[in-house]
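[1] Sharing a model that was predicted from the sequence below.
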Amino acid sequence: MRQRMLVLAWSALAFLAAACGGDSPAGAPAGAFEATTVASGLDEATTFAFVPDGRIFFAEQRGVVRVFKDGALLPEPLIDIQDRVNAYEQRGLLGLAVDPDFQTNGYVYLFYTFEHDPSDPDGPKTGRLARVTVEGDVAVPGSEEVILGTVGGTVDQPSCGDFAVGADCLPADSDIHIGGALQLASDGTLFVTTGDSAHTDDLRVRAQMLDSLAGKVLRINPDGSAPPDNPFFTGDPESNRSKIWAYGLREPFRFALQPGTDLPFVGDVGSLYSEEISIAYPGANLGWPCYEGLDPPYAIGDHEICRDLLEEGPEAVSPPLYTYKTKPAAAVVGGDFALTYPEPYAGAYFFADFARSWIAYLTVDDDGNLIDVAELPVAADGPVALKTGPDGEIYFLSYYTGELRHLRWVVGS
């Protein structure tokens with residue numbers, strides 16, 4: 001995020017012009033959405049998580065987790081790991097999740113860019129997925145355990161390219177496209193998204209490599225091992241291939257699991273052509289960097305990996321559920337599924353665009369086919385995360401204003 005991402009925040013919305021007037025879609029009940037502030041005073045917050053006891057945890061990019069309790073932010077953080085977080089540009093503390101058994105085990109998961117050399121903030125780095133144990137309103141000192149990304153982060157070996165293929169290394173070579181979203185599935189497994197973190201074609205193609213953790217949707221157990229029913233499970237629960245659920249992604253910054261199926265609906269930020277919402281079916285190749293959306297292939301078709309994939313034809317990749325044009329500027333943010341709004345919003349997938357500061361929703365049929373998509377006339381101010389709250393309604397985090405807002409449905413008179 002920070003300055004490089006902030007410069008994207010302009011442009012008119014063309015793909016949803018018909019919905020911009022603020023009227024309810026055909027067949028919808030009379031009423032309107034409005035955004036009300038739940039919490040404020042956050043410092044470049046990147047994501048949040050609801051806790052079963054009513055608290056809300058907020059991750060701030062610099063490496064601090066804040067606690068919202070009884071209507072206010074507590075002065076003392078849940079945890080402060082600024083001493084080991086690189087928050088340059090889009091790096092930082094980007095992922096946060098609360099274990100389903102939190103009230104018993106106190107587990108909280110954090111995804112962040114590891115800082116091994118503060119004197120070189122824009123140099124190549126690696127990432128970490130860590131688990132900490134919380135007691136009361138603070139993390140237990142010394143409880144952090146790295147469960148993914150155990151390799152990397154030294155002056156002599158600063159990037160994943162310094163290690164053998166298949167190493168447990170989360171790339172952060174570039175200061176963009178880090179990924180970092182976390183979601184716990186109904187079976188207790190943990191889904192994790194990673195970006196390509198690439199500034200060259202040779203690094204971008206890691207998204208197509210099954211032995212690299214770059215550009216992937218991963219599915220792991222809470223201890224970092226791979227479940228045996230993953231699509232590329234090799235028999236070794238510690239191998240990178242075993243942990244991969246889907247691949248071929250550029251910047252899957254945010255996603256959600258569909259209730260009832262646990263299928264990831266992923267927002268993947270585009271490059272030249274298309275912002276994408278994709279359903280990450282198990283084993284799916286989502287195409288990047290050889291394909292981008294439904295447009296012509298990305299211009300690295302002479303790279304061996306892409307050349308081979310293109311020869312197989314478009315049926316070799318899983319097409320996105322929905323796309324819209326990246327130019328002149330866009331940055332899609334995957335969202336979450338509403339549960340309790342009136343039809344047609346109940347069950348709809350709400351998503352956003354950071355650069356254009358809007359929120360929209362889409363609906364699908366039982367086979368995952370797109371039915372409808374429309375923008376909501378709600379001020380979003382740089383939305384970076386959307387989550388379904390305990391009430392089944394959507395909450396979103398405004399990066400620009402440091403606020404958590406509740407997307408409320410107000411019945412018309």
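    Okay, I see it. Numbering: from 1, shown residues only.
[2] all helices of the protein, in order?
    2-6, 102-105, 201-204, 240-243, 304-312 (DSSP state H).
[3] Touching, residue 91 and residue 125? I think so.
    Yes. Counting by C-beta atoms under 8 Å, residue 125 is a contact partner of residue 91 at 6.7 Å. The C-beta positions use only the backbone N, C-alpha and C, and glycine is treated the same way.
[4] Point out where the chain drops to low pLDDT.
    The chain contains residues with pLDDT under 70 at 1-29, 299, 301, 413.
[5] and the longest strand for it?
    The longest strand of the chain (DSSP state E) is strand 125-135.
[6] buried stuff in that one?
    125, 126, 127, 128, 129, 130, 131, 132, 133, 134 (16 or more other C-beta atoms under 10 Å).
[7] Just the closest of those to residue 162, please.
    The closest of those to residue 162 turns out to be residue 126 (C-beta to C-beta; 9.4 Å).
[8] And the closest one, how far from residue 171?
    According to C-beta to C-beta, to the nearest Å, residue 126 stands 7 Å off from residue 171.
[9] and for the two, which residues touch both?
    159, 160 (C-beta atoms under 8 Å, 6 or more residues apart in numbering).
[10] List the residues that contact the residue nearest the centre of the chain.
    By C-alpha atoms, centre = their mean, the mean C-alpha position of the chain lies nearest to residue 254, the distance being 2.1 Å. By C-beta under 8 Å, 6+ apart, residue 254 lies in contact with 47, 181, 193, 267, 333, 334, 335, 384, 385, 386.
[11] Output these as JSON lines; include the columns distance to residue 231 and neighbour count.
    Formatted as JSON lines, these follow (distance: C-beta to C-beta, whole Å; neighbours: other C-beta atoms under 10 Å):
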{"residue": "47", "distance to residue 231": "27", "neighbour count": "25"}
{"residue": "181", "distance to residue 231": "19", "neighbour count": "28"}
{"residue": "193", "distance to residue 231": "16", "neighbour count": "31"}
{"residue": "267", "distance to residue 231": "21", "neighbour count": "28"}
{"residue": "333", "distance to residue 231": "26", "neighbour count": "26"}
{"residue": "334", "distance to residue 231": "21", "neighbour count": "27"}
{"residue": "335", "distance to residue 231": "25", "neighbour count": "28"}
{"residue": "384", "distance to residue 231": "30", "neighbour count": "25"}
{"residue": "385", "distance to residue 231": "27", "neighbour count": "29"}
{"residue": "386", "distance to residue 231": "27", "neighbour count": "28"}
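[12] Now, those that are in strands?
    47, 181, 193, 267, 333, 334, 335, 384, 385, 386.
[13] Bridging across strands, which residues link to the fifth one?
    Same thing as residue 333. As for beta bridges, residue 333 partners with residue 352 under DSSP bridges.
[14] Surely it and residue 385 touch.
    Yes. With contact defined as C-beta under 8 Å, residue 333 counts as touching residue 385 (7.2 Å).
[15] how about the nearest residue to residue 362, chain neighbours excluded?
    residue 373 (4.1 Å; C-beta to C-beta, 6 or more residues apart in numbering).
[16] anything in contact with each of residue 91 and residue 125?
    With C-beta under 8 Å, 6+ apart, residue 91 and residue 125 have common neighbours 113, 172.
[17] List the buried residues of stretch 196-212.
    Buried-residue list, stretch 196-212, by 16+ other C-beta under 10 Å: 196, 197, 198, 203, 204, 205, 206, 207, 208, 209, 210, 212.
[18] ok, the fifth one to residue 272 distance?
    Pointing back at residue 204 there. For residue 204 relative to residue 272 (C-beta to C-beta), the value is 12 Å.
[19] Same check on the third one?
    Noted for residue 198: a distance of 14 Å to residue 272, by C-beta to C-beta.
[20] before we move on, the earlier item: which one is the residue nearest to the centre of the chain nearest to, not counting chain neighbours?
    Going by C-beta to C-beta, 6+ apart, residue 254 has residue 334 as its nearest residue, at 3.9 Å.
[21] One more: residue 191?
    Per C-beta to C-beta, 6+ apart, closest to residue 191 is residue 183, 4.7 Å.
[22] what sits against the residue nearest to residue 145 when sequence neighbours are not counted?
    Distances taken as C-beta to C-beta, 6+ apart put residue 131 closest to residue 145, at 5.1 Å, once the chain neighbours are dropped. By C-beta under 8 Å, 6+ apart, the contact list for residue 131 reads 107, 108, 109, 110, 144, 145, 147, 222.
[23] tally of neighbours for residue 38?
    16 (other C-beta atoms under 10 Å).
[24] So it sits against residue 408, correct?
    No. Look at residue 38 against residue 408 with C-beta under 8 Å: they stay out of range, at 10.3 Å.
[25] hang on, the earlier thing: looking at the ones in strands among the contacts of residue 254, which one is closest to residue 55?
    The nearest member of the ones in strands among the contacts of residue 254 to residue 55, counting by C-beta to C-beta, is residue 47 at 15.1 Å.
[26] residues contacting the closest one?
    So residue 47 contacts 58, 59, 94, 95, 96, 181, 254, 384, 385, 397 (C-beta under 8 Å, 6+ apart).
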